[in-house]
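*Asks:* Predicted model follows, preceded by the sequence.
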Amino acid sequence: MDRRTVLKGLAGAGGLALSGGLSAPAIAQGASARTLRFVPQANLANFDPIWGTQYVVRNAAAMVWDTLYGIDSSFQPQRQMVESEEVTDDGTTWTFKLRSGLKFHDGEPVLSKDVVASLNRWAVRDPMGLMIKANQQELTAVDDRTFKWVLKQPFPKLLFALGKNNAPVAFIMPERIAQTDPFKQISDYIGSGPLKFAKGEWVPGAKAVFEKFADYVPRQEKPSWLAGGKQVMVDRVEWVIMPDPATAAAALQNGEIDWWENPIADLVPVLKKNKNISVDIGDPLGNIGSFRMNFLYPPFNDVKARRAVMMALSQEDYMRAIVGDDNSLWKSLPSFFTPDTPLYTEVGGDILKGKRDLDAAKKLLAESGYSGQPVTCLVAQDQPITKAMGDVTADLLKKLGMNVDFVATDWGTVGARRAVKAPPGQGGWNMFHTWHAGADCVNPAPYTAIRATGDKAWFGWPTSPATEKEVTSWFEAKNIDEEKAAIGRLNTAAMDDVVYAPTGFFLGYTAWRKNVSGVAKGPVPLFWGVSKSA
Amino acid sequence: MLPYILRRIVSTLPVMAIVALFVFSLLYIAPGDPAVVIAGDQASPEDVERIRQSLGLDRPFLIQFGSWVWRILHGDLGTSIFTNLPVSTMIGQRLGPTLSLMCVTLLLTIAVAVPLGVVAAWKAGSFIDRAIMAFAVFGFSLPVFVVGYVLAYVFALELEWLPVQGYTPLTEGFWPWLQNLILPAIALGCVYIALVARITRATMLEVLQQDYIRTARAKGMGQGGILFIHALKNAAVPIVTVIGIGIALLIGGAVVTESVFAIPGLGRLTIDAILRRDYPVIQGIVLLFSFVYVLVNLMIDVTYTLVDPRIRY
């Protein structure tokens, strides 16, 4: 018996004692060319993409569950699990046929009844799903591979709704799982996608593992975002949760991880200098920074006060506070929509263009009747983006002569307090900061933040009948020209009423080791097509 | 002794009950809402309310507290609001890394701090003493995360001797286990080493003035024997006390250390749970930490009888 044998024996005995007999996580296993180690943007704290709609859950779910359609990089829905579809001339009856050979991770075939149950669960939680459900006559399985959706009125955006990548996504699950109440979390993660979720290895807050599903049948088309052939090139994808960006940067440089989804701007120069690391824009749709003003209480219940703030705000100040001096990472945004997408418009966005006129803004604010009452401004300090924007806003409001009640708190508290409709001095608020994924702002369908239905609208409860009228126009548009015209009018109306204040458009980087190839830009991290050499 | 230990264990029950009530009340009045976090940014207020109802968070305080206590009495710490996993499973997953980190830190501390303190007392007033005390002040002053980053930069990134982050269970081998813990244990142990070294020095200085030490010297006993057999044993009670109190320091420090070195331990679980307002997990962890602290205090009291036969309960 040699020294190593003795040590191994001791290790085995000690290990059992230390782990208390329970299985322990193996975070730092030896690197393997068949295992891709990935640091996601956040912790995968739950894994039900319908119950919880956080982006990180959607990103993980996109590996495990497939969709009927997938939106490609030109924003067109492409067939994914569906082989063919037919629609009647009046546009009310859709008949879909599934591809043959589709299987769930437990080996069972994907059947129409699974699709019907999945769509029923999704439709309860998704804004577009709710619209379809309200317009639905019936959704039924015709046979094992065919299902039929009968609507009362045509819904031109149906395929977009089924393929969109905005959460909640219409993922297809086995019927027994999809029958779970949409407001209760599932605990069975049998999927239909190219990777299986290794539930036994999941350590929330530390690690999530996805294994290649051998029976997945990819489409033959070239992959494009959530559409096309999802060909998985590695055996395992390990998500390693790293809350500390400096640690993630060091681990990437040291080769302990292969891909870091969203390195912070401050650390990118260090990564760019490393010859073993590639750095590029991750999501070309980026993000739109914003702050929302409460329409229910003074001073922002008066459109003049909201316009005064818009007239004075400098998007450059906000963007530099978020991304630093890298000018390639941001753009001014006289719009509510994502730049470089088909419906992008600057029509009506003049208020955000040109030199800032502080004097005119002060005059307008005075006309609104503002008389120095405190403006309660919620700022989450644990989110670098909101912290940066909050500091700029506080400065802006002070320059306008406003009395700022700066509430420095954490994101969890902002999340709860922004839902309070009480007056600002009694637990409510006047203003809070957030940001929207560019993918959610390409058109009004997934864009909750642009809706202005008053009491039913998103936090701030904006009321703007003109904005809502144009949202309806867009949904009813029959071609791209009609859509563009509606979006132009919508942007104008939302700017006039200041539904919210866009603070600019910003992009983020992603970084990976050079022995990893096939990393593609997209609104979600795309693991198909990614390979790794030793 | 056994009746004393049993009495002490029974006396922990009211302590745990008070801790439980305090923690539950604190979380109830704290701002934040897990339903909002779960629902995500796109959710409507109605969706948030339905999630809150499904989680039972809309029930009155006393009913929520009563049902939690009832489950605890049946050995059930509850289920995480977010992960849908039993809290006991989540704590079990994280116990190994945290225990490993604390054990290695504790051993490192005793191995470094006690000899340093003894030598400083022996060479009191000399350059060696001043150097050791300067090191102790330095150790006190440096925040754990600063030490962690510097260590990771030097030993992982520059020298490539050790990994930057992660944890490997002991079942996968002693060296893989240890190599992930060396840097975190040094970072976490800095303050602790400084504290124990200073206490050891102060206590030893007092003991070294005693008559029996002079007698031992007069008998011709070697310096090592005097220091480590006679003096240290008699100085052990306050040192053991500080080491025990330091366990609380380690629990607090582990939260930061585990974040810096991406160790999937209880510290990180605590932070994640607090930020998400995952109430059952926070309550479970605080109860566990309270129990550990009470247990450590009991162990310290028992240890007194081993190092000083005059102490009897």
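*Replies:* Now that the structure is in, tell me what you want to look at.

*Asks:* Could you list the residues of the stretch 101-250 of chain B in contact with chain A?
*Replies:* The stretch 101-250 of chain B has residues B:103, B:149, B:152-153, B:156-157, B:160, B:163-177, B:180 near chain A, with proximity defined as Cβ under 8 Å from any Cβ of the partner chain. Where C-beta positions appear, they are placed from N, C-alpha and C, glycine not excepted.

*Asks:* Filter those down to the buried ones, PyMOL style.
*Replies:* The PyMOL selection below is limited to those of these classed as buried (16 or more other Cβ atoms under 10 Å in any protein chain shown):
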select buried, chain B and resi 149+152+156+163+164+165+166+167+168+169+170+171+172+173+174+176+177+180
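
*Asks:* mind listing the helices in the stretch 101-250 of chain B by residue range?
*Replies:* When assigned using DSSP state H, counting those that start in this stretch, the helices of the stretch 101-250 of chain B occupy the ranges B:127-141, B:144-151, B:174-179, B:182-207, B:211-218, B:223-225, B:232-260.

*Asks:* Domain-wise, how is the chain divided?
*Replies:* No chain specified, so I'll use chain A. In the domain annotation for chain A, the residue ranges read A:33-243+A:515-532, A:284-508 (the TED database).

*Asks:* let's do chain B instead
*Replies:* For chain B, automatic domain parsing gives the domain ranges B:2-87, B:94-307.

*Asks:* May I see these organised as TSV, with mean pLDDT added?
*Replies:* Conversion of those to TSV gives the following (pLDDT from 0 to 100):
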stretch	mean pLDDT
domain B:2-87	81
domain B:94-307	90
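
*Asks:* tell me which residues in stretch A:166-178 are buried?
*Replies:* By neighbour count, and taking 16+ other Cβ under 10 Å as the criterion, the buried residues in stretch A:166-178 are A:166-175, A:177-178.

*Asks:* let me fix that: stretch A:352-369
*Replies:* Residues A:352, A:356, A:358, A:361-362, A:364-365, A:368 are the ones in stretch A:352-369 that count as buried (16+ other Cβ under 10 Å).

*Asks:* do stretch A:340-349 as well
*Replies:* The neighbour-count check on stretch A:340-349 (16+ other Cβ under 10 Å) flags A:341, A:343-349 as buried.

*Asks:* Same question for stretch B:105-112.
*Replies:* Residues of stretch B:105-112 classed as buried by neighbour count (16+ other Cβ under 10 Å): B:105-106, B:108-110, B:112.

*Asks:* do the same with stretch A:491-504
*Replies:* With burial defined by 16+ other Cβ under 10 Å, the residues of stretch A:491-504 counted as buried are A:491-495, A:497-504.

*Asks:* tell me the contacts of residue 82?
*Replies:* In the absence of a named chain, this looks at chain A. By Cβ atoms under 8 Å, 6 or more residues apart in numbering or on different chains, the contact list for A:Val82 reads A:68-69, A:96-99.

*Asks:* please go with chain B instead
*Replies:* When contacts are taken as Cβ under 8 Å, 6+ apart, B:Phe82 is in contact with A:45-46, A:52, A:204, B:34, B:37-38, B:276, B:278.

*Asks:* A:Met402 against A:Ser368, yeah?
*Replies:* No: counting by Cβ atoms under 8 Å, A:Met402 stays clear of A:Ser368, with 11.0 Å between them.

*Asks:* Find residues that contact each of those two.
*Replies:* Counting by Cβ under 8 Å, 6+ apart, the shared contacts of A:Met402 and A:Ser368 are A:Pro299.

*Asks:* So which bits of the stretch 151-300 of chain A are right by chain B?
*Replies:* Within reach of chain B by Cβ under 8 Å from any Cβ, the stretch 151-300 of chain A has these residues: A:166-167, A:181, A:183-187, A:203-207, A:240-244, A:246-248, A:250-251, A:253-254, A:256.

*Asks:* tell me the centre residue of chain B?
*Replies:* The central residue of chain B, meaning the one whose C-alpha is nearest the mean C-alpha position (Cα atoms, centre = their mean), is B:Ile251 at 2.6 Å.

*Asks:* With chain A instead?
*Replies:* So for chain A, Cα atoms, centre = their mean, it's A:Tyr55, sitting 4.2 Å from the centre.

*Asks:* what about stretch B:168-182, how long is it end to end?
*Replies:* Its first and final residues considered, stretch B:168-182 spans 12 Å by Cα to Cα, to the nearest Å.

*Asks:* Over to stretch A:238-246?
*Replies:* Using Cα to Cα, the end-to-end distance of stretch A:238-246 comes out at 20 Å.

*Asks:* ok, now which ones touch B:Ile199?
*Replies:* Taking Cβ under 8 Å, 6+ apart as the contact definition, B:Ile199 lies against B:117, B:238-239, B:242.

*Asks:* does the residue nearest to the centre of chain B really touch B:Val292, like I thought?
*Replies:* Yes: with the criterion set as Cβ under 8 Å, B:Ile251 and B:Val292 qualify as a contacting pair; they are 7.4 Å apart.

*Asks:* coming back round to it: reformat the buried residues of stretch B:105-112 as CSV; add distance to A:Met233.
*Replies:* Conversion of the buried residues of stretch B:105-112 to CSV gives the following (distance: Cβ to Cβ, whole Å):
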residue, distance to A:Met233
B:Thr105, 41
B:Leu106, 45
B:Leu108, 43
B:Thr109, 47
B:Ile110, 50
B:Val112, 48
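
*Asks:* and the buried residues of stretch A:166-178, which of them are in helices?
*Replies:* A:175, A:177-178 (DSSP state H).

*Asks:* and which of those is nearest to chain B?
*Replies:* Distances from chain B to these, taken as Cβ to the nearest Cβ, are shortest for A:Ile177 (12.9 Å).

*Asks:* measure B:Trp70 to A:Asn165 for me?
*Replies:* If you measure B:Trp70 against A:Asn165 using Cβ to Cβ, to the nearest Å, the figure is 44 Å.

*Asks:* what does A:Arg99 give?
*Replies:* Between A:Arg99 and A:Asn165 the computed distance is 20 Å (Cβ to Cβ).

*Asks:* Likewise for B:Phe145?
*Replies:* In this view, B:Phe145 and A:Asn165 are 36 Å apart by Cβ to Cβ.

*Asks:* Compare the two and say which one has the larger neighbour count.
*Replies:* For B:Phe145 versus A:Asn165, neighbours defined as other Cβ atoms under 10 Å in any protein chain shown are more numerous around A:Asn165 (23 against 16).

*Asks:* Verify the stated contact: the more buried one with A:Gly438.
*Replies:* No: with contacts counted by Cβ under 8 Å, A:Asn165 stays clear of A:Gly438, the gap being 11.3 Å.

*Asks:* where do the contact lists of those two overlap?
*Replies:* Contact with both A:Asn165 and A:Gly438 is made by residues A:Pro523, according to Cβ under 8 Å, 6+ apart.

*Asks:* Which helix or which strand is home to A:Leu378?
*Replies:* Element membership for A:Leu378 (DSSP states H and E) is strand A:374-380.
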